[in-house]
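> Next come a sequence and a model predicted from it.
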Amino acid sequence: MPAAPEESQATAAVLRAAKEALTPANVLLTVGLLVVALTAAFGGMEARPTSVAEPALSTSITARPFEVTVEGGYTTARWPGAGSESATSRYIVLTGEVKNTSDRFVEAGVTADLLRLEAGVLTHNGQRTTETARVPPVTLRGGASLTPASPGVAVRVTWVFEQPNAEPAPASVGVFVRGRTWREDSLSGGMAWLDPEDVARVQVPLEVR
């Protein structure tokens, strides 16, 4: 029996609406929502733990490609090695040792990213900065930045962070030690130390000098 005209029109309208809804964008959106739902169902959306190890001072910490030891620290109004005190800045100086455990030289961008400091307001050349990790370690012998780091050599160093002296002087600071992964750079295609991440946190009491 042929369908009634009203039924034929209704069926055509439903098919037309379905065809209009099945655009490439809507299909991709639907697939994406399904992936998110399945990922969440199997635990993939759970928050990753953010805690890291908290070793004591003077503990050797593996932070690839380095072994890093933070031994102590102090605050001072004088840049290490300078003759006069700063009228506007205080310096947080950390002491320790760095050893490049890889089989190649490590460039400046990696050595300058070894530590991240929890110390309130920091400055760079007197200007306030939110970057708390870009401080290259300075060798105790000669006072030069440790760039690049030679493979297999342990070097005594200091890290010097600048802070406005109007800020309260911290009695101690939390120091995050950062490591990286040796992998292929998706942009250049070459191998490099990438993906900096915190691997340990050390609480450092600060003397006043």
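Perfect, thanks for sending it. Numbers count the residues shown, from 1 in each chain.
> Can you name the residues bridging to residue 151?
residue 100 (DSSP bridges).
> Any idea how far the longest strand along the chain is from the middle of the chain?
Ranked by residue count and defined by DSSP state E, the top strand of the chain is strand 191-208. Its chain's average C-alpha position is 9 Å from that of strand 191-208, according to CA atoms, centre = their mean, to the nearest Å.
> Which positions within that strand qualify as buried?
Residues 192-193, 196, 198-202, 204, 206 are the ones in strand 191-208 that count as buried (16 or more other CB atoms under 10 Å). All C-beta spots, glycine's among them, are computed from the backbone N, C-alpha and C.
> Export these as a markdown table, with columns for distance to residue 180 and pLDDT.
Below are the buried residues of strand 191-208 laid out as a markdown table (distance: CB to CB, whole Å; pLDDT from 0 to 100):
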| residue | distance to residue 180 | pLDDT |
| --- | --- | --- |
| 192 | 9 | 95 |
| 193 | 4 | 96 |
| 196 | 5 | 94 |
| 198 | 11 | 95 |
| 199 | 10 | 97 |
| 200 | 14 | 98 |
| 201 | 17 | 97 |
| 202 | 18 | 97 |
| 204 | 22 | 97 |
| 206 | 27 | 97 |
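> Residue 68 and residue 113 touch, don't they?
No: contact status for residue 68 versus residue 113: not in contact, 11.6 Å apart, counting by CB atoms under 8 Å.
> More neighbours: which of the two?
Neighbour tally, residue 68 and residue 113, criterion other CB atoms under 10 Å: the higher count belongs to residue 68, 24 against 18.
> so how far is residue 167 from the more buried one?
Distance check for residue 68 against residue 167: by CB to CB, to the nearest Å, it reads 26 Å.
> Helices of the protein, residue ranges please.
Along the chain, counting by DSSP state H, helices occupy 5-21, 24-41, 108-111.
> Alright, I will stop here.
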